[in-house]
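> okay, structure incoming, though there's no sequence with it:
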């Protein structure tokens, strides 16, 4: 079974976007903060990142930086001829927050429109997850939910029934033929008391979250996962997203939790 999480290889000849330049500046800031770069090196590289034209230009600015130990297994090792660990991460959007490398997406297609539509239909991509959050906010007139469960092809979410705190309203979200659809799945009286989470807080950090998802098979030691899903709700330390992987053939399973700010809170590997 092919790995459902692994992005295809990227090329450094691609033109850089503003989000790529910003991601590299974040990486350089982190490297400066942990002592990898001097003040002058940091200043010069940040200036160069601002004028970079291609991913190769950006790759040269970060290829000698160390990958943090926390998620080292989530990043491809460099080849003898050329360091690709940063270039692959930058192929569509690389984000480094607090020194953690995450790869969001890197799909290759001859039809950009088809690629965009496919990414939005698959909810475990940055495009699909982000669009889903936007559609939910538009449908509800806010982003408050008790729980959001996201699978590659569909998602479910619930929220309190106005004026009836003990009841919850459930919904199903999916994309068909490029069109998003939210279905009312009815109400129940089984709502757990608590404060809803605001998905608007998660929206700016979707690239970090999906990047962690793409590296989660190695981070968690779950090769070729057959089941992949995410759950956003309120944890003991505030709003968080759980990333869950399972290989039904080997029985390996693991999960990690990520705050709505994109910071990793816990990692539970299959072999520990």
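Cool, got the structure. Here the structure is a predicted model, which is why all the values come from computation and not from measurement.
> what's the longest strand along the chain packed up against?
Counting residues, the longest strand found in the chain (DSSP state E) is strand 164-176. Judged by 3 or more CB pairs under 8 Å, 6 or more residues apart in numbering; DSSP states H and E, the packing partners of strand 164-176 are helix 112-121, helix 126-140, strand 155-161, strand 179-188. C-beta: built from backbone N, CA, C; applies to glycine.
> try 7 Å this time
Judged by 3 or more CB pairs under 7 Å, 6 or more residues apart in numbering; DSSP states H and E, strand 164-176 is in contact with helix 126-140, strand 155-161, strand 179-188.
> list the buried ones in the longest one?
Neighbour-count burial for helix 126-140, with 16 or more other CB atoms under 10 Å as criterion, is recorded at 126-133, 135-137, 140.
> so what does it touch, helix or strand wise?
helix 112-121, strand 164-176, strand 179-188, helix 206-220.
> and of the ones you listed, who's closest to residue 44?
Comparing these against residue 44 with CB to CB, the closest turns out to be helix 206-220 (26.1 Å).
> any regions of the chain where pLDDT drops low?
The chain contains residues with pLDDT under 70 at 1-13, 67-121.
> domains of it?
Split into domains by automatic domain parsing, the chain comes to 18-103, 122-272.
> find the centremost residue of this protein, please.
Note on the chain: the residue nearest the mean C-alpha position is residue 210, at 1.4 Å, using CA atoms, centre = their mean.
> what about that residue, distance to residue 48?
27 Å (CB to CB, to the nearest Å).
> and residue 241, by the same measure?
From residue 241 to residue 48 the distance is 34 Å (CB to CB).
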